[in-house]
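Q: Just to be clear, the model below is a prediction. Sequence and coordinates:
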Amino acid sequence: MDDITKLRRILRTSRTVAVVGLSANWYRPSFFAAKYMQEHGYRIIPVNPQYDSVLGEKCHASLRDIPEPVDIVDCFRKSSEIPALAEEAIAIGAKVLWMQLGVENAAARARAEAAGLEVVENRCVKIEHARLFGGLGWIGVDTGIISAKRPV
């Protein structure tokens, strides 16, 4: 399965996203990405011990504190912090470990995949959603996908 098919399937079937490192500051990439996803129908669960709430949602200190099922664990943290987050994602039964732009960790990837999670590295959930589902077009950015086929 190619990356585009995998990403499209993940974003189509996953509806709950725990955003680790979500900032309450509107100018931070984590806030912008989470707000976009929330506006496109995704349930956003902030994970950051610094805040009580972000984007109108209760903020949790860690993934293990989330009292509901999570589809995607979206990590806005340094690559060195990903192995511990992968363990938490496995522990809570998440389906996908998603590392944002510039974030990669081979050991965390291997551990998460061995536990049955899908892994996405070095990609922004907002950019991928917009690219694959047409959200980039309205701001004049070419999606780079030229196809006569409709997305499945």
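A: Thanks, I have it.

Q: Tell me the spacing between M99 and V119.
A: Distance, M99 to V119, using Cβ to Cβ, to the nearest Å: 8 Å. C-beta here means a position set from N, CA and C on the backbone, and glycine is covered the same way.

Q: what's the overlap in contacts for these two?
A: Common neighbours of M99 and V119 (criterion: Cβ atoms under 8 Å, 6 or more residues apart in numbering): A108.

Q: got the buried residues for the host helix or strand of R131?
A: Element membership for R131 (DSSP states H and E) is helix 125-133. Within helix 125-133, the residues scored as buried using 16 or more other Cβ atoms under 10 Å are 125-132.

Q: Make a markdown table out of those residues and add distance to A108 and pLDDT.
A: Shown next, in a markdown table, are the buried residues of helix 125-133 (distance: Cβ to Cβ, whole Å; pLDDT from 0 to 100):
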| residue | distance to A108 | pLDDT |
| --- | --- | --- |
| V125 | 17 | 96 |
| K126 | 21 | 94 |
| I127 | 21 | 92 |
| E128 | 19 | 94 |
| H129 | 23 | 93 |
| A130 | 26 | 91 |
| R131 | 24 | 88 |
| L132 | 24 | 90 |
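
Q: Counting by contacts, list what the helix holding R131 packs against.
A: Helix 125-133 makes packing contacts with helix 3-13, helix 29-39 when contacts are defined by 3 or more Cβ pairs under 8 Å, 6 or more residues apart in numbering; DSSP states H and E.

Q: Could I get the average pLDDT for the last one?
A: Translated: helix 29-39. Averaged across helix 29-39, pLDDT comes to 95.

Q: again, but for stretch 3-20
A: Here the average pLDDT along stretch 3-20 is 96.

Q: contacting residues around that stretch?
A: Residues contacting stretch 3-20 (Cβ under 8 Å, 6+ apart): 30, 33-34, 37, 41-48, 60, 63, 66, 68-77, 85, 94-96, 118, 120, 123, 125, 128-129, 132-133, 145, 151-152.
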